[in-house]
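Q: For reference, the sequence and a predicted model appear below.
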Amino acid sequence: MSKAIQFLKDAYFELTKVTWLGKKEVVATTIVVVVFVIILALFVSFVDMILSGILGIILNLR
């Protein structure tokens, strides 16, 4: 039990040293992440449509 309490004390001490981002930085990085996810989703969807079309052509030829 003593080790668990010491661990929690050490963890709390380390968290006091963390430099947290401000609201502006959090909002800006969140927007970047959301835009990147949307772009990536569109790209994956586009590639999926192309590969599905190619596979459809290949399977219909047989």
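A: Everything's here; your move.

Q: Counting neighbours, what do you get for Ile50?
A: Residues near Ile50, counting by other Cβ atoms under 10 Å, number 10. Glycine gets a C-beta too; all of them are placed from N, C-alpha and C.

Q: Name the SS class of it, please.
A: When classified by DSSP: H, G, I helix; E, B strand; the rest coil, Ile50 comes out as helix.

Q: For it, give its distance to Val27.
A: 35 Å (Cβ to Cβ, to the nearest Å).

Q: do Phe13 as well
A: Here Phe13 is placed at a distance of 29 Å from Val27 (Cβ to Cβ).

Q: For the strand or helix carrying Val33, could you pull out the residues that count as buried?
A: Val33 is part of helix 23-61, with elements assigned from DSSP states H and E. For helix 23-61, a neighbour-count test (16 or more other Cβ atoms under 10 Å) marks nothing as buried.

Q: for that helix, what is the average pLDDT?
A: Helix 23-61 comes out with an average pLDDT of 96.

Q: swap in stretch 3-11?
A: 94.

Q: how about that stretch as PDB, C-alpha atoms only?
A: Extracted C-alpha coordinates of stretch 3-11, given in PDB (Å, rounded to 0.1, in the frame of the first residue of the first chain):
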ATOM      1  CA  LYS A   3       4.300   1.900  -2.800                       C
ATOM      2  CA  ALA A   4       0.900   2.800  -4.300                       C
ATOM      3  CA  ILE A   5       0.700   6.000  -2.200                       C
ATOM      4  CA  GLN A   6       4.200   7.000  -3.100                       C
ATOM      5  CA  PHE A   7       3.500   6.400  -6.800                       C
ATOM      6  CA  LEU A   8       0.400   8.700  -6.600                       C
ATOM      7  CA  LYS A   9       2.500  11.400  -4.800                       C
ATOM      8  CA  ASP A  10       5.200  11.100  -7.500                       C
ATOM      9  CA  ALA A  11       2.700  11.200 -10.300                       C
END
